[in-house]
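Engineer: The sequence and its predicted three-dimensional model are supplied below.
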Amino acid sequence: MKTRKIIGSVLFFIGLIALWQLLYVAATDWFAWAKPYAVPHPAGVVESAKTLLVNGTLFAAVGKSMLRVLIGFVISVVVGVLFGILIIQSEYFSRNLKPLLLGVQTLPSICWVPFAILWFGLNESAIIFVVVMGSVFSISLAVESGIKEVPPIYIKAAKTMGVSSGKMYTKVIFPAALPSFVAGLKQAWSFAWRALMSGEVMSASVGLGYTLMIGRDLADINQVMTVMLVIILIGIVIDKGVFSTVENDLLKKRGLK
């Protein structure tokens, strides 16, 4: 059954690539809707990927981008958890700060780029700032939502058993809210990843966003497409390999899956 699913997935992607090539030929040759240099095609993407791999550009870009997003994401988790606890602990902040966080969260990450340039200049701190601002509010709201969803009976039972206020969060509330928190982290990671691209396009430095802009400046649409596919692939690998795995394990341990 598993082998059949794998074969089915392989055939699906082969068909997708064949359709892509067919559309390219139709657009550039049969109907002349577009110039060949303006439309990416599978062979061109493969050649571009080969070039970027051989000269080391792709490895350097992926490594630098992953380092930036990890630093920004860790900062977002720390700050986001603190904000989430502050909201849940204070009715005043819940009433006034939460609506503000909800509003700011709707801002596209590109909106923070001018602030980053003015405050930090064109450097690593500016990019990490954009990543943090793109994901921290999502984490805050996930923490607040996860803690609110903890059944009150858990807290009452813990108090009855003599659990102190200091240990209530570490021993009862956080473990109970963990599945919701992981789901929030999963969403925040996607926000951070997108924010990273917004930050890197402003920087004359190594990174996937910068490599994407180089392809644009050189009018190399295949390089642009190659970087886009790498960004998508990394996003899928992190989502399925890390967050979905952790989420599924938590749900299984709790008998929810």
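Structural biologist: Arrived safely.

Engineer: Most remote residue from the middle of the chain, which is it?
Structural biologist: residue 160 (40.9 Å; Cα atoms, centre = their mean).

Engineer: quick one: that one and residue 180, what's the gap?
Structural biologist: Here the distance between residue 160 and residue 180 works out to 24 Å (Cβ to Cβ, to the nearest Å). Where C-beta positions appear, they are placed from N, C-alpha and C, glycine not excepted.

Engineer: Same question for residue 156.
Structural biologist: Counting by Cβ to Cβ, the gap from residue 156 to residue 180 is 20 Å.

Engineer: Equivalent analysis for residue 21, please.
Structural biologist: From residue 21 to residue 180 the distance is 43 Å (Cβ to Cβ).

Engineer: Looking at the two, which is more packed in?
Structural biologist: The neighbour comparison of residue 21 against residue 180 (other Cβ atoms under 10 Å) goes to residue 180, with 19 against 13.

Engineer: tell me the contacts of the more buried one?
Structural biologist: For residue 180, the contact set (Cβ atoms under 8 Å, 6 or more residues apart in numbering) comprises 142, 145-146, 149.

Engineer: can we see that at 10 Å?
Structural biologist: The contact partners of residue 180, by Cβ atoms under 10 Å, 6 or more residues apart in numbering, come to 142-150, 250.

Engineer: Likewise for residue 25?
Structural biologist: 31, 36, 39, 41.

Engineer: Quick one: which of these is the most crowded by neighbours?
Structural biologist: Of these, with other Cβ under 10 Å as the count, residue 41 tops at 20 neighbours.

Engineer: Need the contacts of residue 25 in TSV (columns: pLDDT).
Structural biologist: What follows is the contacts of residue 25, written out as TSV (pLDDT from 0 to 100):
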residue	pLDDT
31	79
36	80
39	87
41	88
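
Engineer: can you put the residues you listed in JSON lines and add distance to residue 173 and secondary structure?
Structural biologist: Below are the contacts of residue 25 laid out as JSON lines (distance: Cβ to Cβ, whole Å; DSSP: H, G, I helix; E, B strand; the rest coil):
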{"residue": "31", "distance to residue 173": "61", "secondary structure": "coil"}
{"residue": "36", "distance to residue 173": "59", "secondary structure": "helix"}
{"residue": "39", "distance to residue 173": "53", "secondary structure": "coil"}
{"residue": "41", "distance to residue 173": "53", "secondary structure": "coil"}
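
Engineer: can you name the two of those that are farthest apart?
Structural biologist: Farthest pair in those (Cβ to Cβ) is 31 and 41. Separation: 15.2 Å.

Engineer: pLDDT weak spots in this structure?
Structural biologist: By pLDDT under 70, the weakly predicted segments of the chain are 1, 165-166, 203-204, 254-257.

Engineer: Which stretches in it count as helices?
Structural biologist: 2-25, 42-54, 57-89, 91-105, 113-120, 124-148, 152-160, 165-168, 174-200, 208-217, 221-238, 244-253 (DSSP state H).

Engineer: Point out the most buried one among those helices.
Structural biologist: helix 124-148 (a mean of 24; mean count of other Cβ atoms under 10 Å).

Engineer: chain center to that helix, what's the gap?
Structural biologist: Distance of helix 124-148 from the chain centroid (Cα atoms, centre = their mean, to the nearest Å) equals 11 Å.

Engineer: centroid residue for the chain?
Structural biologist: Closest-to-mean residue, the chain, Cα atoms, centre = their mean: residue 190 / 2.0 Å.

Engineer: contacting residues around the residue lying closest to that one once chain neighbours are set aside?
Structural biologist: Computed as Cβ to Cβ, 6 or more residues apart in numbering, the closest residue to residue 190 that is not its neighbour in sequence is residue 235, at 6.8 Å. Contact analysis of residue 235 by Cβ under 10 Å, 6+ apart lists 189-190, 193-194.

Engineer: Next: residue 240.
Structural biologist: Contacts of residue 240 by Cβ under 10 Å, 6+ apart: none found.

Engineer: Could you number the chain from 458 rather than 1 from now on?
Structural biologist: I'll keep to 458 as the first residue from here, and by that count the last item is residue 697.
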